[in-house]
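Enquirer: Attaching a predicted model along with its sequence, questions to come.
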Amino acid sequence: MSAVRKVWNKTRVQSRLGHTIASEDPAELFSLESRLGRGGFGAVYSALNSKTNERVAIKIISIEDDEVIEDVRREVNILSECDNSHIVKYLGTYFKDENLWVRIYFGLMKFVTLFYPLP
């Protein structure tokens, strides 16, 4: 008998994450341009906001279990409290198809590619 897989929805993820998840569909809001790298939780892409032409980095994280959400919660808590030009700036979170899309400031891509080196 196989294990029952949890189904994740925005409300459930938001309550566990402890941060507001934006209502917009990230796939419609952001145009992913190129993969900057891959990490333990997912991939980081350069992206363009289709409404504002803002260039950002999007970290797409597949939610597999509660542990992933807890790790993301810790990361978002730390980044949202930081205000330093040497630290990646957290700009918001979106949810689509059981994936979290974490929007971070693109100007610090040297920092991001340090942890998510290009393949």
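Expert: Received, thanks.
Enquirer: ok, the most centrally placed residue in the chain - contacts?
Expert: Centroid-nearest residue in the chain, with Cα atoms, centre = their mean: Val102, separated by 2.0 Å. Contact analysis of Val102 by Cβ atoms under 8 Å, 6 or more residues apart in numbering lists Ile58, Lys59, Ile60, Ile61, Val72, Glu75, Val76, Tyr90, Gly92, Thr93. Bear in mind the C-beta positions are built from the backbone N, C-alpha and C, glycine included.
Enquirer: who wins for neighbours among those?
Expert: Highest neighbour count within the contacts of Val102: Ile58, with 26 neighbours (other Cβ atoms under 10 Å).
Enquirer: Quick one: neighbours of the residue nearest to that one when sequence neighbours are not counted, just the number.
Expert: Distances taken as Cβ to Cβ, 6 or more residues apart in numbering place Ala47 nearest to Ile58, at 4.5 Å, with adjacent residues excluded. Neighbours of Ala47 under the rule other Cβ under 10 Å: 23.
Enquirer: Which strand or helix spans Ala47?
Expert: Per DSSP states H and E: Ala47 is located in strand 42-49.
Enquirer: and after that strand, which helix or strand comes next?
Expert: According to DSSP H and E, the helix or strand after strand 42-49 is strand 55-62.
Enquirer: Can you tell me what sits against that next one?
Expert: Outside strand 55-62, the residues that reach it (Cβ under 8 Å, 6+ apart) are 26, 30, 32, 36, 39, 41-49, 68, 72, 88, 91, 98-106, 109, 112.
Enquirer: hmm, try it at 7 Å
Expert: Outside strand 55-62, the residues within contact range by Cβ atoms under 7 Å, 6 or more residues apart in numbering are 30, 32, 36, 41-49, 68, 72, 91, 98-106, 109, 112.
Enquirer: All set, thanks.
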